[in-house]
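Undergrad: How does the following fold in three dimensions:
(chains A and B)
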Amino acid sequence: EAGVVQSPRYKIIEKKQPVAFWCNPISGHNTLYWYLQNLGQGPELLIRYENEEAVDDSQLPKDRFSAERLKGVDSTLKIQPAELGDSAVYLCASSAGQQETQYFGPGTRLLVL
Amino acid sequence: GNSVTQMEGPVTLSEEAFLTINCTYTATGYPSLFWYVQYPGEGLQLLLKATKADDKGSNKGFEATYRKETTSFHLEKGSVQVSDSAVYFCALLSYTNAGKSTFGDGTTLTVKP
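TA: This is a model prediction of the structure:
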């Protein structure tokens, strides 16, 4: 069974540019998460989806970050414009339900110059 | 709110040494507890979990027991290998907090031959 797929794996951009990350969850997993992981820290939740509905986006900086999961499967996370402090690893995870074990993708490592 | 506190690293051991990584938590209700492992450049992989008090999770020689009385979930392995070198994250999943997960900051383990 394929795991969570993320792309790109690495991205280098200049500040003020836009950037987008894509995630394909494990087949059949209704719950999808986007996390931010800073160096030397654990993941911090940005947004959680149940199917196509964002049920927890309280930690998403909505002035520059947006996310969508239009058909309840793949998801895209966007930053516009990017700032230097956005340099981090962006992790996508999925689970069979909100109280089930989460499975993580390899992450997208973003560097903003 | 919920929180997870892990033993600070880095931890350096010789091959075949005994490993303990301490983890304590604060949460309302009865969360599930997890250990994840992250190898360089990869996402988090589930190592083991326990869903109720006194449960023992185990996998690949690693073990952790859910201790409600001490709110702890310490990770142990009797004989570490070089291939165990990675970052280990303790996490909880709270059913009383809308299925939100909380992660510790990770403990880096290096095993030398």
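
Undergrad: For the most centrally placed residue in chain A, give me its contacts.
TA: With distances taken as CA atoms, centre = their mean, residue A:34 lies nearest the centre of chain A, 3.2 Å away. Taking CB atoms under 8 Å, 6 or more residues apart in numbering or on different chains, we find residue A:34 in contact with A:23, A:45-48, A:67, A:75, A:77, A:90-92. C-beta coordinates here come from the backbone N, C-alpha and C atoms, glycine included.

Undergrad: any idea how far residue B:61 lies from residue B:19?
TA: 10 Å (CB to CB, to the nearest Å).

Undergrad: isn't residue B:24 right up against residue B:5?
TA: Yes - taking CB atoms under 8 Å as the definition, residue B:24 is a contact partner of residue B:5 at 5.1 Å.

Undergrad: How about the contacts made by residue 32?
TA: Let's take chain A. Here residue A:32 is in contact with A:23, A:25, A:48-49, A:69, A:75, A:92-94 (criterion: CB under 8 Å, 6+ apart).

Undergrad: you looked at the wrong chain, it should be chain B
TA: Here residue B:32 is in contact with A:99, B:49-51, B:92-93, B:95 (CB under 8 Å, 6+ apart).

Undergrad: Any of the residues you listed buried? List them.
TA: Buried residues within the contacts of residue B:32, defined by neighbour count using 16 or more other CB atoms under 10 Å in any protein chain shown: B:49-51, B:92-93, B:95.
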